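**Student:** Give me coordinates for this.
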Amino acid sequence: MNQPLDQEALDLLFREARTHSTWLDQPVADETLRDLYNLMKFGPTSMNCTPARVLFLRTREARERLRPFLMQANVDKTMVAPVTAIIAYDTKFYDRLPQLFPHYAGAREIFANNSDLAQITAMRNGTLQGGYFIMAARALGLDCGPMSGFDNAKVDAEFFAGESLKSNFLCNLGHGDASKLFPRNPRLEFEEACRVL
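**Tutor:** All right, here's what the predicted structure looks like:
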């Protein structure tokens, strides 16, 4: 049986965690990026399809390739982030199902023969894995700045040409400058967002 996390861990992952736009000049090690992936990969997806793919842009040169496709409000925070991750999903994730879901021999064909189902499955589960990505990063002591506000088609052409990958969202990673945070925006209360039948 799972045991609840302590209050400090819940603060780290949720209550005190914030979206960061300014970053301290502290690098993120390659081993930390590897650890991040090796945590996020264990989150559940339907039929273990795990369509998320991550491209880590570590160098200034790599992030400069991204610059022309960003909304203006996202440029500065991305250019100074230690790492920017392009969270993408593989539209042909089903080619890996014989490896990832081996006990069901017909799993690949379910999606290979239904492009609409494949697309919605890739997007839904890739987005779910993007949430795991943020939680894994926070668990490892990193701050995150997830964002939309970019031209997906142009990012895909620049970074994934000839591949079956599509960008979903971006996530800056590093150690955020907490002194530059503004007050947290409100959240809906349980009674406003939930019903129990």
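**Student:** Tell me who's in contact with the residue nearest in space to the middle of the chain.
**Tutor:** Nearest residue to the geometric centre of the chain (Cα atoms, centre = their mean): Gly130, 3.0 Å. In this structure, Gly130 makes contact with Ala52, Ile87, Pro146, Asn168, Phe169, Cys171, judged by Cβ atoms under 8 Å, 6 or more residues apart in numbering. In this view, the C-beta of every residue, glycine as well, is placed from N, C-alpha and C.
**Student:** how about 7 Å then?
**Tutor:** Ala52, Ile87, Asn168, Phe169 (Cβ atoms under 7 Å, 6 or more residues apart in numbering).
**Student:** where does the first one fall, phi/psi-wise?
**Tutor:** The reference is to Ala52. phi -70, psi 140 (degrees, to the nearest 10).
**Student:** Could you list the buried residues of whichever strand or helix holds Thr121?
**Tutor:** In this assignment (DSSP states H and E), Thr121 forms part of helix 115-139. Using 16 or more other Cβ atoms under 10 Å as the test for burial, helix 115-139 gives 118, 121-122, 125-126, 128-130, 132-139.
**Student:** pLDDT on the next helix or strand after that helix, on average?
**Tutor:** Counting by DSSP H and E, the element after helix 115-139 in chain order, helix or strand, is strand 143-147. Strand 143-147 carries an average pLDDT of 98.
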